[in-house]
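1. mind folding the following:
(chains A and B)
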Amino acid sequence: MNKTINQKAWFFVIPVFILVAFNAAIPLMTVVNYSFQETFGNNVFAWEGTRWFKQILLSERFHAALARQIAFTFIILLIQIPLGIGIALTMPKKGWGVPVCLILMSMPLLIPWNVVGAMWNIFALPDIGFLGHSLNGLGFDYNFTQQPGDAWFTTILMDVWHWTSLVVLLSYAGLNSIQPAYYQAAEIDGASRWAIFRYIELPKMKKVLTLAILLRFMDSFMIYTEPFVLTGGGPGNTTAFLSIDLVKMALGQFDLGPAAAMSLIYFFIVLLVCWVFYNLMMKNEAQS
Amino acid sequence: MAKITLKDLSHSYLEKQNNNADWALREVNIDWKDGGAYALLGPSGCGKTTLLNIVSGLLKPTKGKVLFDDKDITTLNPVERDIAQIFQFPVIYDTMTVYDNLAFPLKNRGLSDSEIASKVKEIAEMLELTSTLNNRASGLTADGKQKISLGRGLVRSDVNVIMFDEPLTVIDPHLKWILRSKLKELHQKINRTMIYVTHDQTEALTFADQVVVMHEGQIVQTGTPVELFEKPKHTFVGHFIGSPGMNILPCEIKNGEVIFSGQKISSHNTANKSNFNKTQLGIRPEFINFSNNGIPVKIKRVSNTGRHKIIDTESSGGNIKILSNSSTEIPSGSAHITFNQKYTYVYGDNWIIEQ
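-> Okay, here's the model as predicted:
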């Protein structure tokens, strides 16, 4: 078959090209632009080469923020994934309980991020907040604005409250797509409840769980608004995750060059992890 | 191994039942002998899967009893009943190897490793799965997966009955033949009671010694394939079994004589008085011949299937299908036909009139 050559077809690509240019390429290029230069305002730029990148990669401040970020993401994944699966397993499969549970589960997901931060801030205040006041009343020395441990505890609790529902809903969808014949066959084969989970439910949930982990990784790794409103990165820098640190550097100190370099490094870390994860997932897929 | 008896079994998926349509099963009574091969045949929604799930213990019947060897087991669960069931879609444990899949029911019952190994080996050989034993089960084709499902049922030597719920639905046509003959062969080899649910008459008639035909939650006839073909007890059996199905024609009964299309018909059975809402004449297309006199018909269409010809005709009493040898000369335009008396039955309100 001969292909018709018609260069006018390129015109059809123009809208997409413009759209992608304006929403991704151009903003990203300005960041790239800043990351290699020093600016003194008034559009005066001086070439700096890779100096900012070296500076960021070697800075202790960046290492500390990255370590906090990795720890935070790791902890919330460790809590949210098993908890989400657990809740999904106990949710009713039919009857009036289904819509009730689904609505209750969706609610935290519908609340704007800064509202979540503000809510938890008030909720956790040691003197007037329900959580903070109760904990202190029970004899715990709790103050998330002063003590780093309490700040971490509150931030993680907030994220678990806000996002576990996503894992629940995805797992629930995965569980519901399992044919009843699998459960019937397992019953006839004499499988225990644990064996049913291990050999039927978990393998069948693999795809949605991969998706859940990927989404929760990306979202938590880029978290900004909620901890910013809750703790503002404090006390000190103890809850200053990568995004918070980045904004401090870019808008607080107006170090646009290093901040641009940090943005790009940050972006490549997220991209790399997603790429590795995606490839592992596809490799497993190809095997089966 | 067990004899299975179903006593006055009725089942409904609803809380309250107002009429017959609310019942998925109505008044089912069956006796299945130990070691027999049985088929439950009927269209989708006739209640055959419901019946099967009641026998296996996945469903508790609304009314009635299930007996294994005259012992009431209605309230027991599938494990306590010791049965095996193979489903419409192959059920395999994706993450396990073929070997582990076959060993799974035995492991759950706490058998020793050496016992498991010898049993699995034996079944794998029977099903020709030996070469794939160490492969992951999820990589197999649909028929391979269904063989595993089958193997998990056969691997236990203690099962009372093995049940098949339309097991060949997802299998390619050319493999269906192979698997079906495999099943038949297995039945002869291990001699265990097998119940096979299907809507495909060929599958039912080739697999089973006794076929139970179901219609709207009721058993309409139980019999050998030949009985179902030669003497359908219900008009449903007549047109469901056979291809094309039985001709069911409206007729009148006057003074014990059957009148169709204004002519007296000699039939196998007749009724003395007509105390039915409707009376019908049933005659299979195979048992109709062309003759010089008889019922006048108009030939509408002749389709040649290679082995035989199917002739669509029109009479004053309704359309009649005729099946004849492909070598038979078919008159064109109008003709006369006669019915073979031995296979001509009269039905009152869809049931055969017994004398």
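
2. for chain A, what lies in contact range of chain B?
-> Within chain A, the positions lying close to chain B (Cβ under 8 Å from any Cβ of the partner chain) are A:179, A:181-182, A:184-185, A:187-192, A:195, A:199-200, A:203-204, A:287-288. Yep, even glycine has a C-beta here, placed from its N, CA and C like the rest.

3. please give the element, helix or strand, for the spatially most central residue of chain A.
-> Nearest residue to the geometric centre of chain A (Cα atoms, centre = their mean): A:D219, 1.6 Å. Using DSSP states H and E, A:D219 sits in helix A:206-221.

4. what about residue 242, how many residues close to it?
-> You didn't pick a chain, so chain A it is. 25 (other Cβ atoms under 10 Å in any protein chain shown).

5. let me rephrase: I mean chain B.
-> Using other Cβ under 10 Å, B:G242 is surrounded by 17 other residues.

6. relative to B:N275, how far out is it?
-> According to Cβ to Cβ, to the nearest Å, B:G242 stands 29 Å off from B:N275.

7. also B:N191?
-> Going from B:N191 to B:N275 by Cβ to Cβ gives 47 Å.

8. ok, B:L67 next?
-> 37 Å.

9. buried stuff in the helix or strand where A:L170 lies?
-> Per DSSP H and E: A:L170 is located in helix A:148-176. Within helix A:148-176, the residues that qualify as buried by neighbour count (16 or more other Cβ atoms under 10 Å in any protein chain shown) are A:150-152, A:154-160, A:162-172, A:174-175.

10. immediately after it, which helix or strand?
-> Once helix A:148-176 ends, the next helix or strand along the chain (criterion: DSSP H and E) is helix A:180-188.

11. what's the first helix or strand after that following helix?
-> By DSSP H and E, the next helix or strand past helix A:180-188 is helix A:193-196.

12. what is the burial count for A:V20?
-> Neighbour count for A:V20, taken as other Cβ under 10 Å: 11.

13. B:S315 contacts B:P296, correct?
-> Yes: if you go by Cβ atoms under 8 Å, B:S315 and B:P296 touch, sitting 6.8 Å apart.

14. any shared contact partners between the two?
-> Residues touching both B:S315 and B:P296 (Cβ atoms under 8 Å, 6 or more residues apart in numbering or on different chains): B:S261.

15. these two: which has the busier surroundings?
-> In this view B:S315 and B:P296 are compared by other Cβ under 10 Å, and B:S315 has more residues nearby, 19 against 15.

16. please parse chain B into its domains.
-> What the record gives for chain B is the domain set B:4-230, B:242-352, from automatic domain parsing.

17. what's the most buried one of those domains?
-> domain B:4-230 (a mean of 18; mean count of other Cβ atoms under 10 Å in any protein chain shown).

18. does it reach chain A?
-> Yes: contact of domain B:4-230 with chain A (Cβ under 8 Å from any Cβ) involves B:53, B:56, B:58, B:77-79, B:83-85, B:87-89, B:91, B:93-96, B:104-105, B:108-109, B:136, B:138-139, B:149, B:152.

19. flag the shaky bits of the stretch 251-355 of chain B, pLDDT-wise.
-> Filtered on pLDDT under 70, the stretch 251-355 of chain B yields the residue ranges B:272-274, B:355.

20. again, 90 this time
-> Residue ranges of the stretch 251-355 of chain B with pLDDT under 90: B:251-281, B:289-296, B:299, B:301-309, B:315-318, B:324-336, B:338, B:340-342, B:346-355.

21. can you pull up the most central residue in chain B?
-> Closest-to-mean residue, chain B, Cα atoms, centre = their mean: B:L41 / 2.2 Å.

22. for the stretch 1-150 of chain A, which residue gets nearest to chain B?
-> A:K94 (12.6 Å; Cβ to the nearest Cβ).

23. phi first, then psi, for that residue.
-> Backbone torsions of A:K94, given as degrees, to the nearest 10, read phi -150, psi 170.

24. got the phi/psi numbers for residue 109?
-> Here I'm looking at chain A. Torsion angles, degrees, to the nearest 10, at A:L109: phi -70, psi -20.

25. let's do chain B instead
-> phi -100, psi 10.

26. for A:L104, see how far away it is.
-> 41 Å.

27. one more: B:I195?
-> For B:I195, the distance to A:L104 - Cβ to Cβ - is 45 Å.

28. and the pLDDT at the closest residue to chain A within the stretch 151-300 of chain B?
-> Closest contact between the stretch 151-300 of chain B and chain A, by Cβ to the nearest Cβ, is at B:R152 (6.2 Å). Note for B:R152: predicted pLDDT of 89.

29. cool, and the one 10 residues further on?
-> Confidence at B:I162, expressed as pLDDT, is 88.

30. what about it, which SS state?
-> Per DSSP: H, G, I helix; E, B strand; the rest coil, the local secondary structure of B:I162 is strand.

31. cool, and A:A9?
-> Classification of A:A9 using three-state DSSP returns helix.

32. then the one 4 residues further on?
-> State at A:V13, reduced to three classes by three-state DSSP: helix.

33. distance-wise, check it relative to A:T4.
-> Separation of A:V13 from A:T4 (Cβ to Cβ): 17 Å.

34. so A:T239 touches A:T231, yeah?
-> Yes: using Cβ under 8 Å, A:T239 is in contact with A:T231, at 4.6 Å.

35. the more surrounded of these two?
-> Neighbour count, other Cβ under 10 Å: between A:T239 and A:T231, A:T231 has more, with 26 against 23.

36. report pLDDT for A:S288.
-> Confidence at A:S288, expressed as pLDDT, is 50.

37. straight-line length of stretch A:55-63, end to end?
-> End-to-end distance for stretch A:55-63, by Cα to Cα, to the nearest Å: 11 Å.

38. list the contacts of it.
-> Under Cβ under 8 Å, 6+ apart, the answer for stretch A:55-63 is A:237, A:245, A:258, A:261-262, A:265.

39. and the residues you listed, which is closest to chain B?
-> Taking Cβ to the nearest Cβ as the measure, chain B sits nearest to A:I265 out of those, at 38.0 Å.

40. contacts for whichever strand or helix holds B:K298 next, please.
-> For B:K298, the host element (DSSP H and E) is strand B:295-304. Contacting residues not belonging to strand B:295-304 are listed as B:260-261, B:263, B:309-317, B:319-320, B:326, B:330-339 [Cβ under 8 Å, 6+ apart].

41. I'm done for today, thanks for sticking with me.
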